[in-house]
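Peer 1: Give the three-dimensional model of this entry:
(2 chains)
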Amino acid sequence: NAGVMQNPRHLVRRRGQEARLRCSPMKGHSHVYWYRQLPEEGLKFMVYLQKENIIDESGMPKERFSAEFPKEGPSILRIQQVVRGDSAAYFCASSSKRESYEQYFGPGTRLTVT
Amino acid sequence: QQQVKQSPQSLIVQKGGISIINCAYENTAFDYFPWYQQFPGKGPALLIAIRPDVSEKKEGRFTISFNKSAKQFSLHIMDSQPGDSATYFCAASRGGGGNKLTFGTGTQLKVEL
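Peer 2: Residues are numbered from 1 along each chain as shown, chains lettered A, B, ... in the order given. This is a model prediction of the structure:
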């Protein structure tokens, strides 16, 4: 009974490079949320996706960040032209249906921008 | 306002004692209040959650107390153990709003022998 999977667990990128973070939800879950955790801070909502749809992207920075959840395969959070301020832990969570309150988190991807 | 305020920032409790963490919210549309436990290097794990139609929920050593009129809720950890040492986050979400979670800033709990 695999939980939420994220890869890579650690990612190092130089300023200006692209970062791709992947999230596979729990089996049977079709809703994915992405959150960002800056050092010494709580988690901040970024985007909520359903298969092939972005439901709510109100927490996404306007530039350089994008997310998708294709019909097949994992959800991907993409950060273009990374800057040092993007260094953070990125977590995805999944839920089973649109109005399901319970969200289960993955282990996170720790992005370091050098 | 979407904020959830959490206190204290850190807490040291003796083994066997009671750990109490408090949260306050502003948005009265919130209708789901979970607590998450996070160990270093790991993702948050759902610990216990409450809906506003009840004032208390207990699961094992963990209890949520909820005060709707004061817009406050708290986590009580009874008989605290060293294995409970972790960061605890309260959160809130609103049904119909996509259920995105608004988190508190976290409480680092250390349970000493």
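
Peer 1: Without its sequence neighbours, what residue ends up closest to the residue sitting nearest the centre point of chain A?
Peer 2: Centroid-nearest residue in chain A, with Cα atoms, centre = their mean: residue A:34, separated by 3.7 Å. Spatial nearest neighbour of residue A:34, excluding adjacent residues (Cβ to Cβ, 6 or more residues apart in numbering or on different chains): residue A:46 at 4.4 Å. C-beta: built from backbone N, CA, C; applies to glycine.

Peer 1: picking that back up, my read is that the residue nearest to the centre of chain A contacts residue A:92, right?
Peer 2: Yes - here residue A:34 reaches residue A:92: they are 5.2 Å apart, a contact under Cβ atoms under 8 Å.

Peer 1: what residues are shared contacts of these two?
Peer 2: Residues touching both residue A:34 and residue A:92 (Cβ atoms under 8 Å, 6 or more residues apart in numbering or on different chains) are A:23, A:75, A:77.

Peer 1: What is the nearest of those residues to residue B:56?
Peer 2: residue A:23 (34.5 Å; Cβ to Cβ).

Peer 1: How about the contacts made by that closest one?
Peer 2: Residue A:23 touches A:4-6, A:32, A:34, A:74-77, A:92, A:94, A:106, counting by Cβ under 8 Å, 6+ apart.

Peer 1: which residues of chain B score low on pLDDT?
Peer 2: B:1-2, B:97 (pLDDT under 70).

Peer 1: before we move on, back to that, any idea which helix or strand carries the residue nearest to the centre of chain A?
Peer 2: strand A:31-37 (DSSP states H and E).

Peer 1: Identify all contacting residues around that strand.
Peer 2: Taking Cβ under 8 Å, 6+ apart as the rule, strand A:31-37 contacts A:23, A:25, A:43-50, A:55, A:67, A:69, A:75, A:77, A:88-98, A:100, A:103, A:105, A:108, B:100-101, B:103.
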